[in-house]
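**Student:** Let's see this in three dimensions:
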Amino acid sequence: MGALSDAELGPLRIKYQLTHAAVASLFFSVALVSPAHANIPSTILWTEYAHAAVGNLLIGLVEGSFIALVFRTGWTRSVGWMIAANYFSTVAGLGLISTAFRPLGTRLLGDAPLHCVGTATIVLALSYLAASALLEMPFCMRLFGSERRARKALAASLAAQVVSYGLLVPFYLSGSQLALYEEMRPERSLSFVKSPEALVFYLGLDGDLYRIRADGTGKTRVAEPRIRRPDAWLSLRSDEMGRLELRAMLGTEKLKPRVLLTGLHGYGGATERKSPCGGFNYYWGAYENDVIDLRQPPGGPHRVCADSLPWYGLMVRDKDHDTPRTTTYLGFETPFFAWDSACPNVLPGDQVVYQLGDQIVVGDLNSRQIGLIARGRGPVVVLPDERKATERESSWRASRPAFMRRAVGCSPAARCPRSAAASVKTSAGAPAPGGSL
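**Tutor:** Got it, this is the predicted structure:
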């Protein structure tokens with residue numbers, strides 16, 4: 001068998017390069033997307049897999065063809081080098097994501113991610129485009145002669161990125177979940193909150209325990225437990241006297257809860273939260289009791305459940321149409337940001353205080369408004385409930401012998417009900433910072 005000519009070897013070389021590039025892409029796709037997801041195949045995950053496994057091949061073909069057409073560099077050489085450039089930029093991007101882009105995204109979100117995520121996404125996308133152009137520029141230099149080589153290579157790389165991003169943006173938008181912003185209207189003012197007196201306890205990003213009103217006012221550091229685990233959340237337990245104990249649950253592991261506060265007065269719901277999320281992959285009731293309903297029986301027209309996947313987020317159903325087809329998913333997941341939902345607390349008036357990413361938000365299920373209360377996780381809500389406190393005290397006083405009532409100079413009709421804003425003690429027994437509730 002004779003040796004093949006250069007004309008015959010050319011197509012074989014291209015086929016060889018494309019085959020090895022496809023095999024390499026399957027390996028690097030796992031490295032690319034696995035750190036960002038907890039082994040759960042959401043739609044955005046499949047989009048990233050498709051990009052890493054096949055997309056780089058197609059993008060290299062498009063970019064190479066564009067450069068060959070505009071800069072007259074030859075189709076075979078241009079396509080081959082741009083395919084290699086795309087796989088190189090994919091691998092190099094892994095280091096940039098952790099060292100540069102992730103801190104940049106955190107800074108762009110600032111103190112109000114709910115309101116700044118749009119701007120942060122645009123800036124990050126432009127940053128990715130610029131970084132891709134610089135990373136692929138050395139490969140473009142192989143296509144030009146020595147005269148003004150660097151300038152031509154930079155112009156060709158930048159132009160190619162603009163073309164490819166014109167295809168990638170709609171591709172990733174089709175695989176992103178934006179229902180949170182499609183169904184809800186972000187509000188910077190919390191004037192729509194119907195229970196501003198409700199007290200929200202949550203773990204701050206610094207690991208300390210905070211208390212704030214549902215309208216975002218009166219923020220106070222209550223204790224300093226230094227719990228920085230991102231999977232920690234809070235739960236309330238009521239004793240036989242109706243007093244509340246606030247505990248920190250350390251994720252879903254079988255670890256002993258940490259008691260943070262005791263002697264809380266107020267109404268924290270009829271049940272105790274057993275899990276931060278109650279749904280999995282849009283199935284309701286996958287975990288036990290994640291919702292704390294503070295509405296008076298029989299409740300309101302809506303039911304809620306927090307799914308453990310960011311794609312579904314807070315799931316809302318109408319009680320009159322309680323089927324999966326009528327569920328509204330308030331999820332948010334994009335290639336840059338993904339916010340999981342957890343620890344929903346339903347307030348009177350069908351308003352929900354829950355964790356969204358590392359934010360504590362309140363949403364109105366009727367008016368479709370949503371606002372940021374604070375940055376933190378694992379919220380619980382305590383409602384001042386003077387009616388219940390009064391009933392407990394009336395029952396206690398009425399059960400005492402008459403001579404005891406006369407001795408203290410009071411009667412059931414002349415009582416001094418204890419307010420829901422009673423003082424609390426930390427688990428160590430010292431008065432909590434901030435005094436009374």
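**Student:** which residues of this structure score low on pLDDT?
**Tutor:** Within the chain, the set of residues satisfying pLDDT under 70 comprises 1-46, 98, 252-254, 286, 288, 320-326, 386-437.
**Student:** Now do the helices in the protein.
**Tutor:** With DSSP state H, the ranges of helices along the chain come out as 6-33, 43-50, 56-71, 75-96, 102-109, 113-141, 149-174, 179-183, 386-398, 402-408.
**Student:** is it true that Ala120 touches Phe336?
**Tutor:** Yes. Contact criterion CB atoms under 8 Å: Ala120 and Phe336 qualify, at 7.3 Å. Where C-beta positions appear, they are placed from N, C-alpha and C, glycine not excepted.
**Student:** hey, what's the one residue sitting closest to the centre of the chain bridged with?
**Tutor:** Nearest to the geometric centre of the chain sits Trp339, at 1.4 Å (CA atoms, centre = their mean). Counting by DSSP bridges, Trp339 is bridged to Phe332.
**Student:** residue contacts, it?
**Tutor:** Applying CB atoms under 8 Å, 6 or more residues apart in numbering, we find Trp339 in contact with 113, 180, 310, 313, 332-333, 356-357, 359.
**Student:** so can I have JSON lines of the residues you listed showing distance to Phe88 and neighbour count?
**Tutor:** Compiled in JSON lines, those are given as follows (distance: CB to CB, whole Å; neighbours: other CB atoms under 10 Å):
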{"residue": "Pro113", "distance to Phe88": "32", "neighbour count": "21"}
{"residue": "Leu180", "distance to Phe88": "35", "neighbour count": "24"}
{"residue": "Pro310", "distance to Phe88": "30", "neighbour count": "24"}
{"residue": "Gly313", "distance to Phe88": "36", "neighbour count": "28"}
{"residue": "Phe332", "distance to Phe88": "31", "neighbour count": "25"}
{"residue": "Glu333", "distance to Phe88": "27", "neighbour count": "25"}
{"residue": "Leu356", "distance to Phe88": "37", "neighbour count": "25"}
{"residue": "Gly357", "distance to Phe88": "32", "neighbour count": "21"}
{"residue": "Gln359", "distance to Phe88": "37", "neighbour count": "22"}
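**Student:** quick one, what contacts Ser308?
**Tutor:** Listed by CB under 8 Å, 6+ apart, the contact set of Ser308 reads 277, 279-280, 286-287, 340.
**Student:** can you do 6 Å?
**Tutor:** For Ser308, the contacting residues are 277, 280, taking CB atoms under 6 Å, 6 or more residues apart in numbering as the criterion.
**Student:** Count the neighbours of the nearest residue to Met82 once chain neighbours are set aside for me.
**Tutor:** Nearest in space to Met82, with sequence neighbours left out and distances taken as CB to CB, 6 or more residues apart in numbering, is Gly64 at 3.8 Å. The local packing of Gly64 (other CB atoms under 10 Å) involves 28 other residues.
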